[in-house]
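1. Give me a 3D structure for the following:
(one chain, ligands or ions: 3)
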Amino acid sequence: MAMFFKKKQKKEFEVDYNNIPEHIAIIMDGNGRWAKKRALPRSAGHAAGAKTLDKIVRFAESIGVKYVTVYAFSTENWKRPKAEVDALMRLMIDYLDDYKRVLGGENIRIKIIGRREELSDEINEKINIVENATKDNDKITLTLAVNYGGREEITYAAGKIAQKVKNGELGADDITEETFAKELYTNYLPEPDLIIRPSGELRLSNFLLWQSAYSEFWFSDICWPDFSKDDLLKAISDFQHRNRRFGGV
Ligand code: IPE
Ligand code: IPE
Ligand code: MG
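-> Numbering: from 1, shown residues only. Ligands and ions are numbered 1, 2, ... in the order given. So this is what the prediction gives:
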């Protein structure tokens, strides 16, 4: 009698290390579900997600990614229970306090995008310290989107343009895609080549609406705390097989 054994196969994928996307953006989703599966509080999922971020940023740096932008807290996330919002803000403070140890410090420039007004004085102070302390680091730029919403960003930019026109600094005819993009929080960043969303949701949830016009998307069912280096390589490998046309042929 013939016996057939099904050998568990490791999925193989090839990565061209000479063609690594310059800018990868990640919607760090699924922390809550990760915690629920383990009967842990949601805050434990967020803490685990922060550890995953460190691992992925260090790894991204090691393979030559120049910019990583992550969605950490949206303008809509204030709708969550106060205890969860407080835990997320506490985590943000710890992250900003600890960035040198957890991220190795030296080579990473850290930037924060989003509306500062609703963030506490303590967080604002720490943001200024970290941005200032890391501003000359040039190996990789890690941007944390905190109290960030794409619509808020675009509305805010429109307000700044209107003010410039009012002051006579800019004519109405000078408003182009380029002048507009200069008023966005992301004016120091190239547009994301690849946007990754784990956790099984297939939406942008108000992330980088303007900047994602020609980004490639990669989705996976893995919850963010479980996201591995191999998952990043798989996303990059898939990205390298896409045909980006930007509207051309
Ligand atoms: C993402 O994980 C983190 C934030 C939105 C702050 P979630 O907390 O949204 O996790 P799920 O989607 O409920 O699993
Ligand atoms: C998007 O995730 C925001 C962050 C990951 C920070 P959400 O969990 O808030 O998005 P929805 O509610 O599923 O669209
Ligand atoms: Mg979510």
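2. Local confidence estimate at residue 67?
-> Residue 67 carries a pLDDT value of 98.
3. from memory it sits against residue 113, does it?
-> No. In this structure residue 67 lies outside contact range of residue 113 using CB atoms under 8 Å: 11.9 Å. (C-beta placed from N, C-alpha, C; glycine too.)
4. Find residues that contact each of these two.
-> residue 143 (CB atoms under 8 Å, 6 or more residues apart in numbering).
5. What residues does the chain have near ligand 2?
-> Listed as neighbours of ligand 2 in the chain under the rule CB under 6 Å from any ligand atom: 27, 28, 29, 71, 72, 73, 74, 77, 201, 203, 205.
6. okay, those in TSV with pLDDT, distance to residue 54 and secondary structure next?
-> Listed next are those as TSV, based on pLDDT from 0 to 100; distance: CB to CB, whole Å; DSSP: H, G, I helix; E, B strand; the rest coil:
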residue	pLDDT	distance to residue 54	secondary structure
27	99	17	strand
28	98	12	coil
29	98	17	coil
71	98	16	strand
72	98	13	strand
73	98	17	strand
74	99	21	strand
77	98	21	helix
201	98	23	coil
203	98	26	coil
205	98	23	coil
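7. ok, the nearest residue to residue 94 once chain neighbours are set aside - how many residues close by?
-> Distances taken as CB to CB, 6 or more residues apart in numbering place residue 50 nearest to residue 94, at 8.0 Å, with adjacent residues excluded. Residue 50: 21 surrounding residues under other CB atoms under 10 Å.
8. now residue 186
-> 22.
9. need the contact list for it.
-> 69, 113, 143, 153, 208, 211.
10. ok, now with 6 Å
-> residue 211 (CB atoms under 6 Å, 6 or more residues apart in numbering).
11. per-residue pLDDT, it?
-> 98.
12. cool, residue 10 as well?
-> 62.
13. if I look at the spatially closest residue to residue 96 that is not a sequence neighbour, how far off is residue 228?
-> Excluding its sequence neighbours, the residue lying closest to residue 96 (CB to CB, 6+ apart) is residue 126, at 4.0 Å. Residue 126 sits 29 Å away from residue 228, going by CB to CB, to the nearest Å.
14. Alright, I will stop here.
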